[in-house]
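Asks: starting from these lines, generate the structure:
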Amino acid sequence: MKRIFFIFTFIIHTIISFSAYSAGEVNVYSYRQPILIDPFFEKFTNSTGIKVNVLHAKKGLLERLLSEGSNTPADVVLTVDIARLNQFVEEDVLTPVESSVLQKNIPSHLRDSEKRWFAFSKRARIVVASKDRVEPGAIKKIEDLSDPEWKGRICTRKGSHDYNRSLLASIIAAHGEAKAEEWTRGLVANLARKPEGNDRAQAKAVFEGVCDVALMNTYYYGKMKFNEKNPEQKEWADAIDLVFTNQSDRGNHINVAGGGVVKYSKNKENAIALLEFLTQPEAQDLYSSKNYEYPVNPSTKLSAELKSWGTFIEDELPVEKLAELAPVAQKIIDRVGW
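Replies: Numbers count the residues shown, from 1 in each chain. So this is what the prediction gives:
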């Protein structure tokens, strides 16, 4: 009788466990553009049977979560950049997740040490240089951009933007605050114009001859190179070389896109299933082939396009350290006027 009861209990447990991952729904608050993230949700639903309901927004999701409190319908938050991920951590709206899948698929420097957020894709912040006016190999390190030889030849967006602030945080981690401020002053002294525009605007400026060198996230190169809607951007991409810096020491600075499970999630098992799915080869391939982002799972092969950009050594500084040093970086940016 006990044996029959055990078998019955095992079957029921199996059915319940399977149902949790093959039915139901998960609610996502996302800062990622629909065209970039919706294909992942479609594949996830096809694979698991779990319906994904998404609220897309450009801003205000953290404030919404704080306002909703324990009544929030959100189960998962997805966003870009460690700065935004850290905002959700600081406001205590994410819950730690225990998952051997996430631990296995995501290297330790790309996830929160307290398991509240996880990176699903990477982007390198690189130097782009004019093919016509900059000799290959002229820039080897990010530190080179403060050298007087580049005076009047560099373009960037504002230093206070998350992308540049994180880059400066990585330099602080490598050299300390004083040396990082010295670098920033040298960079600003070398600018061809006042910081303005977004990353693509810097590539355009190089194309137009306003400057010879700029800072840009890697995925923007792919977006410009294959931009059928705005074909003039193909010319901007064709005018630049991609320079991965610090290949002889710490590696090129990287940032991430990622997410976590909301503290008051009502569908936690489904939420974790979605996060795990985003680290699996099927999803990681999409990041590489569709979004021009680098996968975090080391077992994932790069798309042909990303391979064509060349392999590079990445800085393995824990990404959470960038968030920790961001306030110091901002003070430098304010003092120097970047």
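
Asks: quick check: closest non-adjacent residue to the most centrally placed residue in the chain.
Replies: What sits nearest the mean C-alpha location of the chain, by C-alpha atoms, centre = their mean, is Val256, with 2.2 Å. In space, Val256 comes closest to Ala119 once its chain neighbours are excluded; the distance is 3.6 Å by C-beta to C-beta, 6 or more residues apart in numbering. Placement of C-beta: from N, CA and C, glycine included.

Asks: how about Ser108?
Replies: Ser108 sits nearest to Pro318 (C-beta to C-beta, 6+ apart), 7.4 Å away.

Asks: where does the protein dip in pLDDT?
Replies: For the chain, the stretches flagged by pLDDT under 70 are 1-23.

Asks: elements contacting whichever strand or helix holds Lys204?
Replies: Element membership for Lys204, per DSSP states H and E: helix 199-208. Contacts defined by 3 or more C-beta pairs under 8 Å, 6 or more residues apart in numbering; DSSP states H and E place helix 199-208 against strand 118-130, strand 154-155, strand 213-217, helix 218-225, helix 232-238, strand 240-243.

Asks: what strand or helix carries Asn53?
Replies: Assigned by DSSP H and E, Asn53 falls in strand 51-56.

Asks: that strand: how far from the chain's middle?
Replies: Relative to its parent chain, strand 51-56 has a centroid offset of 20 Å by C-alpha atoms, centre = their mean, to the nearest Å.

Asks: any buried residues in it, and which?
Replies: 52, 54 (16 or more other C-beta atoms under 10 Å).

Asks: so what touches it?
Replies: 24-30, 32-34, 37-38, 41, 44-45, 61, 73-74, 274 (C-beta atoms under 8 Å, 6 or more residues apart in numbering).

Asks: same question, stretch 110-123
Replies: 78, 85, 88-89, 94-98, 102-103, 106, 217-219, 254-260, 275, 278-279, 283-284, 287, 291, 293-296, 314, 318-320.

Asks: quick check: Gly222 touching Glu305?
Replies: Yes. Between Gly222 and Glu305 there is a contact at 6.1 Å, judged by C-beta atoms under 8 Å.

Asks: among the contacts of stretch 110-123, which lie within helices?
Replies: In helices, judged by DSSP state H, the following of those are found: 85, 88-89, 102-103, 218-219, 275, 278, 283-284, 287, 319-320.

Asks: contact partners for the nearest residue to Val101 once chain neighbours are set aside?
Replies: In this structure, Val101 finds its nearest non-sequential neighbour in Glu276, 4.4 Å apart by C-beta to C-beta, 6+ apart. Residues in contact with Glu276 (C-beta under 8 Å, 6+ apart) are 99, 101-102, 105.

Asks: Asn164 now?
Replies: Here Asn164 is in contact with 156-158, 215, 333, 338 (criterion: C-beta under 8 Å, 6+ apart).

Asks: from Arg111, how far off is the closest residue to Thr279 other than its chain neighbours?
Replies: Nearest residue to Thr279, sequence neighbours excluded (C-beta to C-beta, 6+ apart): Asn105, at 3.8 Å. Asn105 sits 10 Å away from Arg111, going by C-beta to C-beta, to the nearest Å.

Asks: my guess is Arg165 is in a strand, correct?
Replies: No. Read with DSSP: H, G, I helix; E, B strand; the rest coil, Arg165 is helix and lies in no strand.

Asks: how is this structure divided into domains?
Replies: 27-122+255-303, 124-253+315-336 (automatic domain parsing).

Asks: okay, those domains in TSV with distance to Trp309 next?
Replies: What follows is the domains of the chain, written out as TSV (distance: least, C-beta to C-beta, whole Å):
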stretch	distance to Trp309
domain 27-122+255-303	9
domain 124-253+315-336	6
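
Asks: rewinding a little: pull the most distant pair out of the contacts of Asn164.
Replies: Spatial extent of those (C-beta to C-beta) is set by the pair Leu215 and Ile333 at 13.6 Å.
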